[in-house]
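S.K.: Curious how this folds, go ahead:
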Amino acid sequence: MKKQTRKPMVLASALILGMTVFAPIQAGAAEAIKEEVQEIQLEQQQIKGKVLFYFDYELFVKGEDGKRYRIGLHDFTDEQIEQMGLKEDTGIVVKGTVLDSEAFFDSFEAYKRQLPEEITEDDLAKIEVLHKELKALEKSLFKEEAENKDGKASDIDEEKLNQYFEIQHEIGEILVSYYPEADPETFEEFITSYADLSMDQLKEELSSEDFEKLQALYEDYLKLLEKDKDDLAYEKLDEFYEILNSYQNIPYRQSFEEFLEAMKLDISDEDKATLETLFNDARAAEKSSKDNWDMIDEKWNKVYEFLNPYFREAGVSQSFVKYITSFEFEIKEEDLATLEPLYEEIKELTMKKDYEAADKKWEEFFDVLDPYFVEYHTNNPFKAKQIEINGKEFKVEATETVVEKKKEESKAESKEEKATAEKDASKDKSESTSKDA
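M.R.: Now for the predicted structure:
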């Protein structure tokens, strides 16, 4: 468990539960959730590699063996993790035990490490029951989506989905009292952070009427929160998002020149003139027909269809060696021998603008590479007991987990307080008896 430092301005489930339990349907949910996660009892294993990224007690490492590791740091203290300096591409040595599956990372044992230190045993027990129900629903919803070939949201059980969000809300209601109060963000802070644009850019993009509506809705939202009318407050916030989100791609507005620069393509002057007309048509459609998604998509499709030959030629402009070494995994010599002639054929067909034949060759090309992608993106689960990084060594403080240690400390403090209280009561009783005598 840890001290909470996040701002509770919007007590959304993402903040309260962490990302692991916020998304109702995610790839991690495909794993069966086991009540008891067992470690394979082998000799202590060692991984050498480089840090990919770290989030909420989970460290992802690319090993020197080419494998990707998902490593639990749940037994280390927050102070130790902070001192490690887990930055991307930093060399690292991890010692610990192999896990039999990724189920540990979806378990309550892992999740409770994110909870506040101050949480009571009673609240912890309630959250454990709710977490178990949440994970069972998550597993069921993920299975339904996987079985739905068309991927239509309407085929997902709405009742289960609503139940899922209700449980999230229940957990949030328990945890909200543990979060420190913080001053709410101003309208300017909130909207510029959400849209990733300055106020001047927002005023240029939004109609004056919508801008005023957004400001009024946000002020109403804050007033309702102050009156503890959370449900009404979040209705106002939903209206806020609905208006702002109707401006498609608002965080990605670019001038034509910025758009060209981002494409990094060698486009002829004649084609630039045609492209600018198509680009301006698409931008105009976004502003004048913000609710007509089909029309907006049609306009942007014309832009990218026009650029398609340039994208294709750019895709095969480099040598085979340069192209193949851009992948972050080692490829066997026999597969390289198959891939190189395929790549040269693709390049020749592309320059002849025979895109249909080129696409068939690309399919053959990636049929060879697909197993490498699958292996590269497979997480090998691991639980760390010792870390060597930046010339420093960090070890788990004891065989018990940090959570168990804090739990025992809490029990010891309670016993000490109880003993002191009983001693004081006994003393008071003795003094009272003496006075009566």
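
S.K.: hey, where'd the helices end up in the stretch 301-437 of the chain?
M.R.: Defined through DSSP state H, counting those that start in this stretch, the helices belonging to the stretch 301-437 of the chain, from first to last, are 320-324, 333-351, 355-376, 402-436.

S.K.: weakest of those helices in terms of mean pLDDT?
M.R.: When these are compared on average pLDDT, helix 402-436 comes out lowest at a mean of 57.

S.K.: following the helix or strand containing K160, which helix or strand comes up?
M.R.: For K160, the enclosing helix or strand under DSSP states H and E is helix 158-175. Proceeding N to C from helix 158-175, the next assigned helix or strand is helix 187-195, under DSSP H and E.

S.K.: tell me which residues in that following helix are buried?
M.R.: Judged by neighbour count using 16 or more other C-beta atoms under 10 Å, the buried positions of helix 187-195 are F187, F190, I191, T192, Y194, A195. Where you see a C-beta, it was placed from the backbone N, CA and C, and this is true even at glycine.

S.K.: Please name every helix or strand in contact with it.
M.R.: In this structure, helix 187-195 packs against helix 199-205, helix 208-226, helix 230-245, with contacts taken as 3 or more C-beta pairs under 8 Å, 6 or more residues apart in numbering; DSSP states H and E.

S.K.: Just the CA atoms of the second one, as PDB, please.
M.R.: Written as PDB, here are the backbone C-alpha positions of helix 208-226 (Å, rounded to 0.1, in the frame of the first residue of the first chain):
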ATOM      1  CA  SER A 208     -18.300  31.400 -29.000                       C
ATOM      2  CA  GLU A 209     -21.600  29.800 -28.000                       C
ATOM      3  CA  ASP A 210     -20.000  26.400 -27.200                       C
ATOM      4  CA  PHE A 211     -17.100  28.100 -25.300                       C
ATOM      5  CA  GLU A 212     -19.600  29.900 -23.000                       C
ATOM      6  CA  LYS A 213     -21.600  26.700 -22.500                       C
ATOM      7  CA  LEU A 214     -18.500  24.800 -21.500                       C
ATOM      8  CA  GLN A 215     -17.500  27.400 -19.000                       C
ATOM      9  CA  ALA A 216     -21.000  27.400 -17.500                       C
ATOM     10  CA  LEU A 217     -21.100  23.600 -17.300                       C
ATOM     11  CA  TYR A 218     -17.700  23.400 -15.600                       C
ATOM     12  CA  GLU A 219     -18.800  26.000 -13.000                       C
ATOM     13  CA  ASP A 220     -22.000  24.100 -12.300                       C
ATOM     14  CA  TYR A 221     -20.000  20.900 -12.000                       C
ATOM     15  CA  LEU A 222     -17.800  22.500  -9.200                       C
ATOM     16  CA  LYS A 223     -20.800  23.900  -7.400                       C
ATOM     17  CA  LEU A 224     -22.600  20.600  -7.400                       C
ATOM     18  CA  LEU A 225     -19.500  18.800  -6.100                       C
ATOM     19  CA  GLU A 226     -19.300  21.200  -3.200                       C
END
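
S.K.: List of residues touching it?
M.R.: Here helix 208-226 makes contact (C-beta atoms under 8 Å, 6 or more residues apart in numbering) with 184, 187, 190-191, 202-203, 206, 230, 232-234, 236-237, 239-240, 243-244.

S.K.: tally of neighbours for the closest residue to V93 other than its chain neighbours?
M.R.: Counting by C-beta to C-beta, 6 or more residues apart in numbering, the nearest residue to V93 once its immediate chain neighbours are dropped is E388, at 4.0 Å. Look at E388: counted by other C-beta atoms under 10 Å, it has 17 neighbours.

S.K.: Touching, E388 and T90? I think so.
M.R.: No: applying C-beta atoms under 8 Å, one finds E388 not in contact with T90, separated by 11.1 Å.

S.K.: before we move on, the earlier item: what angle do the helix holding K160 and helix 230-245 make?
M.R.: 120 degrees (axes from the mean of the first three to the mean of the last three C-alpha atoms, to 10 degrees).

S.K.: For helix 158-175, list every residue counted as buried.
M.R.: By 16+ other C-beta under 10 Å, the buried positions in helix 158-175 come out as L161, Y164, I167, Q168, E170, I171, G172, I174, L175.

S.K.: now, which of those sits nearest K126?
M.R.: K126 has its nearest neighbour among those in I174, at 6.0 Å by C-beta to C-beta.

S.K.: leaving aside the residues next to it on the chain, what's closest to the closest one?
M.R.: Counting by C-beta to C-beta, 6+ apart, I174 lies nearest to D123, which is 5.3 Å off, once chain neighbours are set aside.

S.K.: Mind giving me the packing neighbours of the helix or strand that the one you found is a member of?
M.R.: Assigned by DSSP H and E, D123 belongs to helix 121-147. Using 3+ C-beta pairs under 8 Å, 6+ apart as the contact definition, the elements that helix 121-147 packs against are helix 19-22, helix 108-111, helix 158-175.

S.K.: closest to M351 out of those helices?
M.R.: It is, among the helices and strands packed on helix 121-147 and with distance given as C-beta to C-beta, helix 19-22, at 44.8 Å.

S.K.: Direction included, what does the helix or strand just after that closest one pair against?
M.R.: Scanning the chain past helix 19-22 towards its C-terminal end, the next helix or strand to appear is strand 45-55 (assignment: DSSP H and E). Strand pairing for strand 45-55, using DSSP bridges, gives strand 58-63 (antiparallel), strand 91-98 (antiparallel).

S.K.: buried set for strand 45-55?
M.R.: For strand 45-55, burial by neighbour count (16+ other C-beta under 10 Å) applies to I47, G49, V51, L52, Y54.

S.K.: okay, now the residue nearest to the second one when sequence neighbours are not counted: neighbour count?
M.R.: On the basis of C-beta to C-beta, 6+ apart, the spatially nearest residue to G49 that is not a chain neighbour turns out to be G63, at 4.0 Å. Applying other C-beta under 10 Å, we find 17 other residues in the vicinity of G63.

S.K.: Not counting its neighbours along the chain, what's nearest E64?
M.R.: K48 (4.8 Å).

S.K.: what residues does stretch 233-248 touch?
M.R.: Stretch 233-248 is contacted by residues 10, 191, 194-195, 205-206, 210, 213-214, 217-218, 220-222, 224-225, 250, 286, 290-291, 293, 296 when judged by C-beta under 8 Å, 6+ apart.

S.K.: Now it: buried residues?
M.R.: With burial defined by 16+ other C-beta under 10 Å, the residues of stretch 233-248 counted as buried are A233, Y234, K236, L237, E239, F240, I243, L244, Y247, Q248.
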